[in-house]
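Novice: Could you look at this predicted model? Sequence included:
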Amino acid sequence: MLALVMTAVWPTSIARAGDPPADFTGVYLGLSTGYGFGATGDWCYCSPLPVAASAVGGEGGIVIGGEAGYGMRVGPLVVEAGARASYADVRFFEYPCVAGLACSGELAWLGEAQMSAGLAFGDILVTGGVGYAVGDVHANIGSAPTDTSTHEGHVLTARIEQGMSDGWRMGFEYRYYDMSGTNDLAGAPVDFDWNAQSAAFVIRYELPN
C-alpha cells in the first residue's frame, strides 16, 4: 500500500519542486499568528500631582491578523510596503500601583502600516522594518470600571522568509511595539506609556503578475 501511495504522489512532488519559488515582488496577501510578551510601561497621574508607577511584568497573549502589501525587488534588494490588522489579547499589569491598588491593562486589537527593506539570498529573504501602530487598550485601577482608549506609537520588525512554489512564502517575524495613550481611570486621566514584543509565524501568497 505504501508503495502505491508513493507511486501516486511522487510525480506531483517532483512537479511542485520544479515550480519557481516566490520572488518577493508584486502584491501579496498574508496571515500571521503569534504571541505577545514582555509588556512593560509607566502609568502617570500627571495632573495635578505627578504620581507614577512602573510595570513589573506582563502576562502576554495572542496576536492574530491579516495583511496585504506590495514588494519591489531590484537584484537582491527587496523593498516592501504593507498594512496589517490584528486581533490581540496581550495582558500586562502593575502592582502595586496608585495608593497600593493594582493597575491592569489589556491590548484589544492592533492596526499597523509599515515599510521594510532587506536582502534576498536565493529564495530566502532577510528584512527589517519600521511602521506606525494603533490599537485599543482596556485599563483599570483596583475595582474601578474599565476604560477603553486608543493608543498609538511605532513598531520595529525583523523577519526571515522562505519563498516556496506557486507564489507561497512563509517565515517568522519579531515585532517591538512602543506605544502610548491616555485612559480615564477612577475619574482622572492617566498617561500610559508602554512597550511590548511579539513573535509571529507568517504565511503569504504573491498574486500572479
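Specialist: That came through fine. Residues are numbered from 1 along each chain as shown.
Novice: Just to be sure, Pro208 is in a helix?
Specialist: No - per DSSP: H, G, I helix; E, B strand; the rest coil, Pro208 lies outside any helix segment and is coil.
Novice: For the closest residue in space to Gly167 that isn't next to it in sequence, grab the count of nearby residues.
Specialist: Closest residue to Gly167 apart from its sequence neighbours, by CB to CB, 6 or more residues apart in numbering: Glu206 at 4.1 Å. C-beta coordinates here come from the backbone N, C-alpha and C atoms, glycine included. Residues near Glu206, counting by other CB atoms under 10 Å, number 21.
Novice: Looking at strand pairing, list the partners for Glu206.
Specialist: Note on Glu206: beta-bridge partners Tyr28, judged by DSSP bridges.
Novice: And it, what's its pLDDT?
Specialist: Model confidence at Glu206, given as pLDDT, is 96.
Novice: now swap in Leu49 and tell me
Specialist: 48.
Novice: How far away from the center of its chain is whatever helix or strand Gly60 lives in?
Specialist: Take DSSP states H and E as the rule and Gly60 turns out to sit in strand 57-74. Chain-centre distance of strand 57-74: 4 Å, with CA atoms, centre = their mean, to the nearest Å.
Novice: Tell me the first helix or strand C-terminal of it.
Specialist: strand 77-94.
Novice: any chance you could map the helices in this protein?
Specialist: 2-18 (DSSP state H).
Novice: does the spatially closest residue to Met164 that is not a sequence neighbour have beta-bridge partners, and which?
Specialist: Excluding its sequence neighbours, the residue lying closest to Met164 (CB to CB, 6+ apart) is Pro21, at 5.6 Å. Listed by DSSP bridges, the beta-bridge partners for Pro21 are Ser165.
Novice: one step back: how many degrees apart are the strand holding Gly60 and strand 77-94 in direction?
Specialist: Interaxial angle, strand 57-74 versus strand 77-94 (axes from the mean of the first three to the mean of the last three CA atoms, to 10 degrees): 170 degrees.
Novice: In PDB, list the C-alpha atoms belonging to strand 57-74.
Specialist: Presented in PDB, the C-alpha positions along strand 57-74 are these (Å, rounded to 0.1, in the frame of the first residue of the first chain):
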ATOM      1  CA  GLY A  57       5.600  42.300  34.400                       C
ATOM      2  CA  GLY A  58       3.200  41.100  31.700                       C
ATOM      3  CA  GLU A  59       1.100  38.000  31.100                       C
ATOM      4  CA  GLY A  60       1.300  38.100  27.300                       C
ATOM      5  CA  GLY A  61      -1.300  36.700  24.900                       C
ATOM      6  CA  ILE A  62      -2.100  36.000  21.300                       C
ATOM      7  CA  VAL A  63      -1.900  38.300  18.200                       C
ATOM      8  CA  ILE A  64      -3.700  37.000  15.100                       C
ATOM      9  CA  GLY A  65      -4.100  39.100  11.900                       C
ATOM     10  CA  GLY A  66      -4.400  39.500   8.200                       C
ATOM     11  CA  GLU A  67      -2.200  41.700   6.000                       C
ATOM     12  CA  ALA A  68      -1.600  42.900   2.500                       C
ATOM     13  CA  GLY A  69       1.200  44.700   0.800                       C
ATOM     14  CA  TYR A  70       3.400  45.300  -2.200                       C
ATOM     15  CA  GLY A  71       7.000  44.300  -2.800                       C
ATOM     16  CA  MET A  72       9.600  45.600  -5.300                       C
ATOM     17  CA  ARG A  73      12.800  43.800  -6.000                       C
ATOM     18  CA  VAL A  74      16.000  45.100  -7.600                       C
END
